[in-house]
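K.L.:
Okay, predicted coordinates and the sequence, questions at the end:
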Amino acid sequence: MIIPIKPWLEKNKGAAAYGAQSWGRRIEGGLTLSSDFEAEELMRAGGMMSEVPRGLSMSTRMEFYHQPIMATEILRAMQPIEGRQIFDGTLGGGGHSEIFLQHGAHVVGCDQDADALDYASRRLSSFGDRFLPVRGNFSEVDVLLRSHGIEHVDGILLDLGVSSHQLDEPDRGFSFREDGPLDMRMDDRSSFSAEDLINEWSEDELIRIFREYGEEKRAVRAARAIIRARGEARIVTTLQLAAAVEGAIPRTGRKHPATKVFQAVRIAVNRELDCLEIVLDKAVDALAEGGVLAVITFHSLEDRMVKHFMRRKSSPFIDRPEWPEPKENPEYCLNLSSRRAIVPGEDEVALNPRARSAKLRLATKVGDL
């Protein structure tokens, strides 16, 4: 399906594409998701860069550039030929978007991070009007597209991987590798930070998120250690938080004992799983008939949610033991080429260690609904 591009060109004529007119509504949630939050491994993976994007220096490249994961499989599924339009809900450094643009597609690149939008806009400037960067949360895909006169797109990509740039910047507060403010906001317009959560949430709330979002078996010990530490002085830096957790959970291997706590806090601060649940439903409506939804996940919480969603939406019939016969599934709207996730090959993992835990799930919107 060919989607007209003219509406966004007319709306943004004479203005920076990602300026105030195209940022959409203020969002109090997050955008980019991560795996185990293993800072050392992700930092090393951030160095696995095979080429310098056009027009950018080596020093600039290090800010955001990432190796697009499973590019071959995504290209085969998305078919980004001339005239097709794709919504890249996790723009980041623009790696996947650049591939789509190189093959002729128009791309709407969405990110909450102003630095990412600035970087990607410079990186992809040679593609002119075929690239439209917009600031916002991907859970607002419907609002963001309609604000530019776009009803449907031919493909939606969600690459739920954390940016190594965000880990490498101490001021962002995502990593305990260096000391920095306890922030963790994906969108700096949000008024709620990790410092607020750690110092104001109750012990029960901390235990819940450590268990649910961090899958931390020692959640009670971690929460109580934080309560004790903040009773002596407000916890305002990443190393303060890491030290409080390490004091209650001794190190037993290479992974820092605060790893899962940091992951849980980041997910809660940015409402990451809530936003993923919202965008999955909205993505179906935003896709044109035959459009492809591609989601790359990195940990079990994300993958479980995506897997269950796609299976629920791809079954023409549902059956229960108490029913005399199967019934039509009112939610049926997707076709799956495979019920199993696609994983990167050994060659890709060797070149990009970050791809090791990645899983790609694909679904196509059915017609005549």
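P.N.:
It's in.

K.L.:
burial measure for Val306, as a count.
P.N.:
24 (other C-beta atoms under 10 Å). Just so you know, the C-beta spots here come from the backbone N, C-alpha and C atoms, and that holds for glycine as well.

K.L.:
Leaving out sequence neighbours, find the closest residue to Lys260.
P.N.:
Gly214 (3.6 Å; C-beta to C-beta, 6 or more residues apart in numbering).

K.L.:
How much space separates that neighbour from Asp183?
P.N.:
Relative to Asp183, Gly214 is positioned 18 Å away (C-beta to C-beta, to the nearest Å).

K.L.:
next one: Val306
P.N.:
Taking C-beta to C-beta as the measure, Val306 and Asp183 are separated by 28 Å.

K.L.:
In what element of secondary structure is Ala242 found?
P.N.:
Using DSSP states H and E, Ala242 sits in helix 238-248.

K.L.:
quick revisit: got the phi/psi numbers for the residue nearest to Lys260?
P.N.:
Dihedral pair for Gly214: phi -100, psi -10, per degrees, to the nearest 10.

K.L.:
Also Arg135?
P.N.:
Torsion angles, degrees, to the nearest 10, at Arg135: phi -100, psi 130.

K.L.:
Tell me how many other residues surround it.
P.N.:
So Arg135, with other C-beta under 10 Å, has 24 neighbours.

K.L.:
Just grab the bridge partners of it for me.
P.N.:
On the basis of DSSP bridges, Arg135 is bridged to Asp111.

K.L.:
and the gap between it and His148?
P.N.:
Arg135 is 12 Å from His148, by C-beta to C-beta.

K.L.:
before we move on, back to that, ok, and for the helix holding Ala242, which residues are buried?
P.N.:
By 16 or more other C-beta atoms under 10 Å, the buried positions in helix 238-248 come out as Thr238, Leu239, Gln240, Leu241, Ala242, Ala244, Val245, Glu246, Ala248.

K.L.:
Just put those in a markdown table and tack on distance to Ala194 and pLDDT.
P.N.:
A markdown table is the format used below for the buried residues of helix 238-248 (distance: C-beta to C-beta, whole Å; pLDDT from 0 to 100):
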| residue | distance to Ala194 | pLDDT |
| --- | --- | --- |
| Thr238 | 8 | 94 |
| Leu239 | 13 | 94 |
| Gln240 | 11 | 96 |
| Leu241 | 8 | 96 |
| Ala242 | 12 | 94 |
| Ala244 | 13 | 96 |
| Val245 | 13 | 95 |
| Glu246 | 17 | 93 |
| Ala248 | 18 | 92 |
